[in-house]
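Engineer: Could you work out the structure for the sequence below:
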Amino acid sequence: MKSLFITAILLAFSHNTLAATDLVKDAIITGISNTNGNVNTFTIWLEGGTGLCANKSISFPVTAAGSKESHERAYSAALTAFATGDKIMAHNYYNTDCHNAAYIKVSK
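Structural biologist: All right, here's what the predicted structure looks like:
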């Protein structure tokens, strides 16, 4: 009975873990906009990389971020990557949608 309970708990929490994914790795930002469809989101256009959103656009809505401040830092990181030509990795914490990202990592 105890193992059944533990299994049920693990399955309940594994859904969100399995749904979240790195949308792209090692991509270069070729364009960036401060909004998309006049909503509170910013969008980046990518070249190269690997993953579901390679060579596509990725949007970062405020609703996907943990806070407004976190969203602003993501926009700042995206602008930095665009200006420097550094590679990025983008992550969606909730699903595999290219237009619901929340996390961006810039690397050389």
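Engineer: Contacts made by the biggest strand by length in the chain with the rest, please.
Structural biologist: With secondary structure taken from DSSP state E, the chain has its longest strand at strand 21-33. Surrounding strand 21-33, the residues in contact under the criterion C-beta atoms under 8 Å, 6 or more residues apart in numbering are 42-56, 58, 78-79, 81-82, 85, 87-92, 95-96, 98, 101. The C-beta positions use only the backbone N, C-alpha and C, and glycine is treated the same way.
Engineer: avg pLDDT for that strand?
Structural biologist: Model confidence over strand 21-33 averages 98 on the pLDDT scale.
Engineer: Quick one: list the elements packing against the next helix or strand after that strand.
Structural biologist: Of the helices and strands lying after strand 21-33 in sequence (DSSP states H and E), the nearest is strand 41-47. Packed against strand 41-47, as judged by 3 or more C-beta pairs under 8 Å, 6 or more residues apart in numbering; DSSP states H and E, are the following elements: strand 21-33, strand 57-61, helix 68-84, strand 87-92.
Engineer: Buried ones in strand 41-47, by neighbour count?
Structural biologist: Using 16 or more other C-beta atoms under 10 Å as the test for burial, strand 41-47 gives 41-46.
Engineer: Repeat that for stretch 57-74.
Structural biologist: If you call a residue buried by 16+ other C-beta under 10 Å, then stretch 57-74 has these buried ones: 57-62, 64-65, 71, 74.
Engineer: ok, those vs Ala20, which is closest?
Structural biologist: Ala64 (11.1 Å; C-beta to C-beta).
Engineer: just the angle between the longest strand of the chain and strand 57-61, please?
Structural biologist: Following axes from the mean of the first three to the mean of the last three C-alpha atoms, to 10 degrees, one obtains 90 degrees for the angle between strand 21-33 and strand 57-61.
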